[in-house]
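Trainee: pasting the sequence and the predicted coordinates here, then a few questions.
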There are 2 protein chains.
Amino acid sequence: MPTDLVAALDIGGTKIAGALVDGQGRILLRAQRPTPAREDGDTVMRAVEEVIGELTAGEPWGEVRAVGIGSAGPVDASAGTVSPVNVPGWRGYPLVERVRSAAGGRPVELVGDGVAMTAAEHWQGAARGHDNALCMVVSTGVGGGLILGGALHPGPTGNAGHIGHISVDLDGDPCPCGARGCVERIASGPNIARRALEAGWLPGPDGDTSAAAVALAARAGDPIAVASFERAAQALAAGIAATATLVEIDIAVIGGGVAMAGEVLFAPLRRALRDYATLSFVSRLTVAPALMGTDAGLVGAAAAALRAYPDAAVGRLRPAVNR
Amino acid sequence: MPTDLVAALDIGGTKIAGALVDGQGRILLRAQRPTPAREDGDTVMRAVEEVIGELTAGEPWGEVRAVGIGSAGPVDASAGTVSPVNVPGWRGYPLVERVRSAAGGRPVELVGDGVAMTAAEHWQGAARGHDNALCMVVSTGVGGGLILGGALHPGPTGNAGHIGHISVDLDGDPCPCGARGCVERIASGPNIARRALEAGWLPGPDGDTSAAAVALAARAGDPIAVASFERAAQALAAGIAATATLVEIDIAVIGGGVAMAGEVLFAPLRRALRDYATLSFVSRLTVAPALMGTDAGLVGAAAAALRAYPDAAVGRLRPAVNR
């Protein structure tokens, strides 16, 4: 009998979260482990298997029809492998096969974490009702995903929407990815903080030099802090406008820690978008804060699984290997 | 009875071309008029109607099931209107309705000229067999279109793939579109020529200061001419890499007058792509010259019509209004 229940995994450099999620996006059961990111690949996989083990132990597991994974990238959905930058033990690691085997042979859908967040915002969040949208996370890095023609667009390898690594300043500062002037190199939290400090911004008595502290200073009117957010907003605007010009999105949804700065970021971003999104067909482009919070990765991985396996028949699946 | 015959219109600032095209992309009948680009909108439309009139007068017209239009942009496929930059008499001009009426009520599909060229290269040219491709025209301007997931991706308004107006230099020179540092502002033919002249390049005895003349000088080893093409190649590479990073294309096909420069453009372009397309999932990205030549607009408009109206029944259509 078909069911609307799926399992979801959200795999990052800090934690491995799992959940059972129903067809309305409600979380019925959760499990979590810290990511042993500095350990070898099999040790990391054991943490994933422990999370899956907690999910398979629950009573609803029998109705789970598929597993969705949103993983830190890069991922390769066509090969079923992941190579998260912050998990050096996994390089071309066959995550899909391992998860399938831990989940009793159920079908597994793998997408990048930016794509998962996008699926969540489109399903239940700020991009709901938009057929063409870019969703982004602006945090330690800058990631994203695309909704095109009403559907999630993960691309052949599950990495589409990687806006953090498009160059908006072709002669700009070198980016760790190897290119120059990437959106992430200008707009990520650490780069907002670095730029403010380099320009002479002085942290408060608590010594906090994070982008959140720069945002507080900007809200209090510190001109150097304001300027650093304005530069980040300009780079985000150029990247968002480029995306809209290429694929005709009408909304950009922005989440992640840097988006918590609120109008300190969004006000200059809206101004800069008018400078870069100039063609008639992108003039109605808007920006909005993300709504899904920390569960976006889990809910989005579930959405990706429901989309990829709309009517998998559970009766044909093998029982789970409980651990 | 369904048929594979469609009519195609290629509308630019210089000429209005029309053809009957069969399901194999063969052109059975042609018509053409110069575009009276400086005249009022109705005068321009009369030239379009004359082209359609020549097509409807032919014996095969009765089997034509739909009309495809590739037009200079911007276009608005959702509204059925066009506002070509070089045809000031047409602003929000209801081209789809007028063509439908001149074509006996047959269904009409409108796309931008970059999208039409892309449809042609995917159907019969250099992008054939590629499920995810960017096709570009680098000429007086820079335009383009996208193939995503095996299908043409015109976007809601028919303008997707507008790579000429993404900014790759956010602090760069102002572009006539209103933004800064657009790909077109750096890589179009006139900008290649302007940059060479500004840097001290001297044209030959014939006084030719076109990009084609700069290409000839570059081929002969003139360092200023070489540098101007290298800068254009760098901007194209940043734009192509951004597109691949956003939507996972694996080939960029480049046509138009500037692409005729051959290796003077393509050699530095391939080098620069290695600098900007750095993530694992875009590392196999290649570039190739376009194959479809001057008929790309007509063949692509036909492809767009065949795609949009896969099985229109001709029996239900009204007879053409012959003029």
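Mentor: Cool, got the structure.

Trainee: and the strands in the stretch 1-150 of chain A, which stretches?
Mentor: Listed in chain order, the strands of the stretch 1-150 of chain A (DSSP state E, counting those that start in this stretch) span A:6-11, A:15-21, A:27-34, A:67-71, A:75-76, A:81-82, A:108-112, A:133-138, A:142-148.

Trainee: pLDDT on the fourth one, on average?
Mentor: Spelled out, it's strand A:67-71. Across strand A:67-71, pLDDT averages out at 97.

Trainee: which residue ranges of the stretch 151-300 of chain A form strands?
Mentor: Under DSSP E, counting those that start in this stretch, the stretch 151-300 of chain A gives strands at A:151-152, A:251-255, A:286-289.

Trainee: what about the longest one, near chain B?
Mentor: No: when contact is scored as C-beta under 8 Å from any C-beta of the partner chain, no part of strand A:251-255 falls within range of chain B; the minimum is 12.5 Å. Bear in mind the C-beta positions are built from the backbone N, C-alpha and C, glycine included.

Trainee: so what strands line up beside that strand?
Mentor: strand A:133-138 (parallel), strand A:286-289 (parallel) (DSSP bridges).

Trainee: output the strands of the stretch 151-300 of chain A as a markdown table; include the columns mean pLDDT and mean neighbour count.
Mentor: Formatted as a markdown table, those follow (pLDDT from 0 to 100; neighbours: other C-beta atoms under 10 Å in any protein chain shown):
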| stretch | mean pLDDT | mean neighbour count |
| --- | --- | --- |
| strand A:151-152 | 96 | 18 |
| strand A:251-255 | 98 | 26 |
| strand A:286-289 | 97 | 16 |
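
Trainee: now those as TSV including distance to residue B:226?
Mentor: Shown next, in TSV, are those (distance: least, C-beta to C-beta, whole Å):
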stretch	distance to residue B:226
strand A:151-152	44
strand A:251-255	39
strand A:286-289	41
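
Trainee: on that earlier part again, just the strands of the stretch 1-150 of chain A: most buried one?
Mentor: strand A:67-71 (a mean of 31; mean count of other C-beta atoms under 10 Å in any protein chain shown).

Trainee: where do the domain boundaries of chain A fall?
Mentor: A:6-112+A:296-316, A:126-291 (automatic domain parsing).

Trainee: those: lowest mean pLDDT?
Mentor: With a mean of 94, domain A:6-112+A:296-316 has the lowest mean pLDDT of the domains of chain A.

Trainee: picking up where we left off before, between the strands paired with strand A:251-255, which one is closest to residue B:14.
Mentor: Nearest to residue B:14 among these is strand A:133-138; the distance by C-beta to C-beta comes to 35.7 Å.

Trainee: residues contacting the closest one, please?
Mentor: Contacts to strand A:133-138, defined as C-beta atoms under 8 Å, 6 or more residues apart in numbering or on different chains, come from residues A:113-114, A:117-118, A:121-122, A:126-127, A:142-147, A:161, A:163, A:187-189, A:232, A:236, A:240, A:243-244, A:249-259, A:265, A:290.

Trainee: C-alpha coordinates for that strand, CSV please?
Mentor: What follows is strand A:133-138, C-alpha atoms only, in CSV (Å, rounded to 0.1, in the frame of the first residue of the first chain):
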residue,chain,number,x,y,z
ALA,A,133,12.6,30.6,-7.2
LEU,A,134,16.2,30.7,-5.8
CYS,A,135,16.6,29.7,-2.2
MET,A,136,19.9,30.5,-0.5
VAL,A,137,21.7,29.9,2.8
VAL,A,138,24.1,32.7,3.7
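
Trainee: now it against strand A:142-148, angle please.
Mentor: 170 degrees (axes from the mean of the first three to the mean of the last three C-alpha atoms, to 10 degrees).

Trainee: quick check: residue A:8 vs residue A:222, distance?
Mentor: Per C-beta to C-beta, to the nearest Å, residue A:8 is found 41 Å from residue A:222.

Trainee: oh sorry, the question was meant for residue A:53
Mentor: Counting by C-beta to C-beta, the gap from residue A:53 to residue A:222 is 50 Å.

Trainee: for residue A:102, same thing?
Mentor: 50 Å.

Trainee: these two: who's more crowded?
Mentor: residue A:102 (24 against 16; other C-beta atoms under 10 Å in any protein chain shown).

Trainee: all helices of chain A, in order?
Mentor: A:41-57, A:95-102, A:113-124, A:183-187, A:189-198, A:211-219, A:223-247, A:263-276, A:296-308 (DSSP state H).

Trainee: next, the buried residues of the fifth one.
Mentor: Translated: helix A:189-198. Buried residues in helix A:189-198, counted by 16 or more other C-beta atoms under 10 Å in any protein chain shown: A:189, A:190, A:191, A:192, A:193, A:195, A:196.

Trainee: next, format those as a markdown table and append distance to residue B:218.
Mentor: As requested, the buried residues of helix A:189-198 are exported to a markdown table (distance: C-beta to C-beta, whole Å):
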| residue | distance to residue B:218 |
| --- | --- |
| A:189 | 44 |
| A:190 | 41 |
| A:191 | 37 |
| A:192 | 41 |
| A:193 | 44 |
| A:195 | 38 |
| A:196 | 44 |
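
Trainee: from those, which is closest to residue B:59?
Mentor: residue A:191 (66.4 Å).

Trainee: my guess is that closest one contacts residue A:184, does it?
Mentor: Yes: Residue A:191 is in contact with residue A:184 according to C-beta atoms under 8 Å; the separation is 7.4 Å.

Trainee: let's have the strands paired with strand A:251-255 in TSV, adding distance to residue A:45.
Mentor: Below are those laid out as TSV (distance: least, C-beta to C-beta, whole Å):
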stretch	distance to residue A:45
strand A:133-138	25
strand A:286-289	35
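
Trainee: what residues does the stretch 1-150 of chain A have near chain B?
Mentor: Near chain B, when you scan the stretch 1-150 of chain A using C-beta under 8 Å from any C-beta, you find A:74, A:76, A:83, A:131, A:132, A:146, A:148, A:149.

Trainee: take the residues you listed and write them to CSV, including distance to residue B:138.
Mentor: Formatted as CSV, the residues of the stretch 1-150 of chain A next to chain B follow (distance: C-beta to C-beta, whole Å):
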residue, distance to residue B:138
A:74, 30
A:76, 32
A:83, 34
A:131, 31
A:132, 26
A:146, 25
A:148, 25
A:149, 27
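
Trainee: and residue A:144, what does it touch?
Mentor: Per C-beta under 8 Å, 6+ apart, neighbours of residue A:144: A:114, A:117, A:118, A:134, A:135, A:136, A:137, A:161, A:162, A:163, A:164.

Trainee: just give the closest residue to the spatially most central residue of chain A, not the sequence neighbours.
Mentor: Taking C-alpha atoms, centre = their mean, the centroid of chain A lies closest to residue A:114, which sits 2.7 Å from it. The shortest distance from residue A:114 to any non-neighbouring residue, by C-beta to C-beta, 6 or more residues apart in numbering or on different chains, is to residue A:143 (3.4 Å).

Trainee: cool, and residue A:190?
Mentor: residue A:140 is the one closest to residue A:190 (C-beta to C-beta, 6+ apart), at 6.3 Å.

Trainee: neighbours of the one you found, how many?
Mentor: 17.

Trainee: quick one: it and residue A:187 touch, right?
Mentor: No: applying C-beta under 8 Å as the test, residue A:140 and residue A:187 come out as separate, 11.6 Å apart.

Trainee: can you put the strands of the stretch 1-150 of chain A in CSV and add distance to residue B:92?
Mentor: Compiled in CSV, the strands of the stretch 1-150 of chain A are given as follows (distance: least, C-beta to C-beta, whole Å):
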stretch, distance to residue B:92
strand A:6-11, 46
strand A:15-21, 46
strand A:27-34, 48
strand A:67-71, 43
strand A:75-76, 44
strand A:81-82, 48
strand A:108-112, 40
strand A:133-138, 26
strand A:142-148, 26
